[in-house]
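Peer 1: next comes the sequence, and after it the predicted model I'd like to discuss.
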Amino acid sequence: MIMEFDQVDRKILEILRLDGRASQAMIAKEVNLSAPAIAERIKKLEQTGVISGYRAILNPSAFGLDICAYVSIIPQPRHPVTNLVENLEKLQEVEEFHAIAGNYSYLIKVRVASTEELDNFLDKLFMLDGVERTQTTMVLKTNVDRPMPLPFS
């Protein structure tokens, strides 16, 4: 269900999208409302699931995780994928895990420290029960990495 947002909600969401630590007082000043009114609006946005949470965005390089790769996975035919999905979810190197349409069934985003670690990870991945084939694309440079754009201006 698509929700309707007034201009104030839109501005609140835009501010929080760019800075999840923005104070209610700062937001109130931006939209010309009181801090309690902003708190109530944010609470409503959270309760309806529009805002699903807050988190710190960590720099992978600060942890030595300089290699990012996307791995597409084809599961073995006529083989239950439940165990495969559970095993993929447990791999600490996996940052994102998506079921996808197309030639491959799953796409994972992986972060590791080196190409050697990526190679070791791929060996471990290919040994999982249920993996038929994989294709790996290593990221050379990230040109854009930003918060989800809002569908309104």
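Peer 2: Perfect, thanks for sending it. On a predicted model such as this, the values are computed, not experimentally measured, just so you know. Numbering: from 1, shown residues only.
Peer 1: show the model's pLDDT score for the nearest residue to residue 41 once chain neighbours are set aside.
Peer 2: Distance criterion CB to CB, 6 or more residues apart in numbering; nearest residue to residue 41, sequence neighbours excluded, is residue 12 at 5.9 Å. For every residue, glycine as well, the C-beta is placed using N, CA and C. Note on residue 12: pLDDT of 96.
Peer 1: same check, this time on the one 10 residues further on
Peer 2: Confidence at residue 22, expressed as pLDDT, is 96.
Peer 1: helix, strand, or coil at it?
Peer 2: Look at residue 22: counting by DSSP: H, G, I helix; E, B strand; the rest coil, its state is coil.
Peer 1: A strand includes residue 56, no?
Peer 2: No: with three-state DSSP as the criterion, residue 56 is assigned coil and is not in a strand.
Peer 1: can you classify the most centrally placed residue in the chain by secondary structure?
Peer 2: Compute the mean C-alpha point of the chain, and by CA atoms, centre = their mean the closest residue is residue 96, 6.1 Å away. Three-state assignment for residue 96 (three-state DSSP): strand.
Peer 1: mind listing what it touches?
Peer 2: 107-109 (CB atoms under 8 Å, 6 or more residues apart in numbering).
Peer 1: picking that back up, for the residue nearest to residue 41, give its distance to residue 32.
Peer 2: Note on residue 12: its distance to residue 32, by CB to CB, to the nearest Å, is 12 Å.
Peer 1: what about the two, which has more around it?
Peer 2: Applying other CB atoms under 10 Å to residue 12 and residue 32 shows that residue 12 carries more neighbours, namely 25 against 9.
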